[in-house]
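A.B. asks: everything below, folded, please.
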Amino acid sequence: MSQGADWLAEVYIGRVPVSTPQEMANWIAKLHKDQERATNNRRSGEMLLIGSHLGLGGKSNWSKPQLEQIRLGGSWGGVETLGLSERTGLPIDTLYDSDRLFPQYMGQDIRDQLNGKDYVALHFLGHGMPEAAAKLEPKHIDGLTNATPFFAYICSCRSGDFGRNGPAGRLLSAVHGAVGVVAYSWVAVIPADCVDNYCQLLSRYFWDSALVHPNWPVGVLNAASHERSAWLLWHRAQQTVIFASNLLGDPAMMLALPTK
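C.D. replies: Sure thing, here's the model as predicted:
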């Protein structure tokens, strides 16, 4: 960190990692469709929370407890945040590996779930791979047929590696899939036996800001999640997740979640 840095965003940045004019056209078409929905105040549909096996022991063995923080809201670690189920009119579906155990949810299951309903947002917490985002490999992303482009918050390592056109970027460039994604270009730090952790704090702050400030675009929401966690910057892990969590898409896009 350079001397005198205040960690406050002066410019809200979004990246669109595409390789061809057709991929750019795919994303622009989804962006126009999403803007039309937001402009006409027709933001409806459902939200999907996807939790996997973390295997880090204790409270961090599964990601369900962290996702339930986002769904229900509450106070943990001295931080209170609102819950999506409490403040939005969105029905929320959950695919938690801890509820299913065996077989765990695979990429084809998540693809089929996204194709079967009108989702406007999803949140994933779990281990990441360079070739998969929210367990969706390229073959699953190419098989998406969702009519409504969704916004995705993917809390996993390296899924948002925009430098190598990672899987989160493929969600943007595909014909269907996502219109905007927050994902990690490097590591998403999840400590052992801890419900409230570094990347989880960013996730909670992001969705809480979206509920408290429904007119803020996603670029501002992502920056707000960084700035609100500045009280923990003394820890290198928090610096890491702030630098690694990036917005893929238009920072001026409106999330526009409905409120009760």
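A.B. asks: going by C-alpha atoms from here, please, whenever you check contacts or count neighbours.
C.D. replies: Fine.
A.B. asks: report the longest helix in this structure, please.
C.D. replies: Of all the elements of type helix in the chain, the one with the most residues (DSSP state H) is helix 21-39.
A.B. asks: helices and strands around that helix, which ones?
C.D. replies: The elements that helix 21-39 packs onto, with contact taken as 3 or more Cα pairs under 8 Å, 6 or more residues apart in numbering; DSSP states H and E, are helix 167-173, strand 178-184.
A.B. asks: can I get those in CSV with mean pLDDT?
C.D. replies: Compiled in CSV, the helices and strands packed on helix 21-39 are given as follows (pLDDT from 0 to 100):
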stretch, mean pLDDT
helix 167-173, 92
strand 178-184, 94
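A.B. asks: just list whatever residues bridge to the residue most central in space within the chain.
C.D. replies: Nearest to the mean C-alpha position of the chain, counting by Cα atoms, centre = their mean, stands Tyr153 at 0.4 Å. Counting by DSSP bridges, Tyr153 forms beta bridges with His123, Val182.
A.B. asks: for it, what are its contacts?
C.D. replies: Residues counted as contacts of Tyr153 (Cα atoms under 8 Å, 6 or more residues apart in numbering) are 121-124, 181-183, 203.
A.B. asks: nearest to Gly89, of those residues?
C.D. replies: Ala121 (12.8 Å; Cα to Cα).
A.B. asks: helix, strand or coil for that closest one?
C.D. replies: Following DSSP: H, G, I helix; E, B strand; the rest coil, we place Ala121 in the strand state.
A.B. asks: that one reaches Leu48, doesn't it?
C.D. replies: Yes - between Ala121 and Leu48 there is a contact under Cα atoms under 8 Å: 6.5 Å.
A.B. asks: about what we covered before: Pro103: which of the contacts of Tyr153 is nearest?
C.D. replies: Set against Pro103, the nearest of the contacts of Tyr153 by Cα to Cα is Phe124 (18.2 Å).
A.B. asks: how far away is the closest one from His53?
C.D. replies: Phe124 sits 12 Å away from His53, going by Cα to Cα, to the nearest Å.
A.B. asks: returning to what we had before: TSV for the helices and strands packed on helix 21-39, including mean neighbour count?
C.D. replies: As requested, the helices and strands packed on helix 21-39 are exported to TSV (neighbours: other Cα atoms under 10 Å):
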stretch	mean neighbour count
helix 167-173	29
strand 178-184	29
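A.B. asks: so which bits of the lowest-mean-pLDDT helix or strand in the chain are buried?
C.D. replies: One helix or strand of the chain scores below all others by mean pLDDT, DSSP states H and E: helix 236-244, with a mean of 77. For helix 236-244, the neighbour count (16 or more other Cα atoms under 10 Å) marks 237-242, 244 as buried.
A.B. asks: can I have it written out in CSV, keeping just the CAs?
C.D. replies: Taking C-alpha atoms only, helix 236-244 is exported to CSV below (Å, rounded to 0.1, in the frame of the first residue of the first chain):
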residue,chain,number,x,y,z
ARG,A,236,-3.1,-8.5,5.3
ALA,A,237,-5.8,-11.0,4.5
GLN,A,238,-8.4,-8.2,4.3
GLN,A,239,-6.1,-6.2,2.0
THR,A,240,-5.8,-9.3,-0.2
VAL,A,241,-9.5,-9.8,-0.6
ILE,A,242,-10.1,-6.2,-1.4
PHE,A,243,-7.5,-6.2,-4.1
ALA,A,244,-8.7,-9.5,-5.5
